[in-house]
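Participant: How does the following fold in three dimensions:
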Amino acid sequence: MKQATDHFELRELRGYEAMLPALPLIQQLNPGMTAERYGRLLSDMVKQGNYFQVGCFLADKLVGVTGVWIGTQLWCGKFIEVDNFIVDEAHRSRGIGKCLLDWVVAKGKSEGCQMARLDTYVTLDKAQRFYFAQGFRIEGFHMTKRF
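Facilitator: I've put the predicted structure just below:
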């Protein structure tokens, strides 16, 4: 699925090699992410078969990216999930984030998903305001226990 606008183009990135160039953007949200760790995690994620990325390109430069999962769980049915939603700091407030999120929602609808969902770090107030403005609501807590 491709979508073009006046200034940028959205492209599905499928397969390990197609997603490797997103590392600099991934590092903006996850500063400690090394190339080695990204490659290892990405390889595992791609093998699962239900993960891909959507990239936003401005004159062939990747300026926005989001990972996308499609799956099914008992509590929500079929879903599309946003994972590591990032717009390059130098290109924010240009409509790229809204365009990326609109694409994900449309893709979810076309895949028969019942909902779009995402997690956001509790410290990212601007991101939360953006997601609220796009119609997302908090329905619960994503709780973790690290080991």
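Participant: what residues are up against the closest residue to Leu62 other than its chain neighbours?
Facilitator: Nearest non-adjacent residue to Leu62, counting by CB to CB, 6 or more residues apart in numbering: Gly55, 5.2 Å away. Any C-beta I mention is one placed from the backbone N, CA and C, and that applies to glycine too. When contacts are counted by CB atoms under 8 Å, 6 or more residues apart in numbering, Gly55 is found next to 10-11, 13, 22, 62, 64-65.
Participant: Please apply the same query to Leu58.
Facilitator: With contacts taken as CB under 8 Å, 6+ apart, Leu58 has the following neighbours: 7-8, 91.
Participant: Who does it form a beta bridge with?
Facilitator: For Leu58, the residues forming beta bridges with it (DSSP bridges) are Lys61.
Participant: any idea how far it is from Tyr38?
Facilitator: Remark: distance between Leu58 and Tyr38 (CB to CB, to the nearest Å) = 22 Å.
Participant: Look up phi and psi at the residue nearest to Leu62.
Facilitator: phi -110, psi 140 (degrees, to the nearest 10).
Participant: before we move on, what about Cys99?
Facilitator: Dihedral angles phi and psi of Cys99 (degrees, to the nearest 10) take the values phi -60, psi -40.
Participant: now swap in Ala116 and tell me
Facilitator: Residue torsions, per degrees, to the nearest 10, at Ala116 are phi -110, psi 140.
Participant: mind listing what it touches?
Facilitator: Under the contact definition (CB under 8 Å, 6+ apart), the residues listed for Ala116 are 79-82, 104-105, 108, 136.
Participant: run the last query once more with 7 Å
Facilitator: When contacts are counted by CB atoms under 7 Å, 6 or more residues apart in numbering, Ala116 touches 80, 82, 104-105, 108.
Participant: Restricted to strands, list the residues you listed.
Facilitator: Taking DSSP state E, the ones among these that sit in strands are 80, 82.
Participant: Kindly tell me how buried the nearest residue to Leu118 once chain neighbours are set aside is, as a neighbour count.
Facilitator: When the adjacent residues along the chain are set aside, Leu118 lies closest to Val82, with 3.9 Å between them (CB to CB, 6+ apart). For Val82, the number of neighbouring residues by other CB atoms under 10 Å comes to 22.
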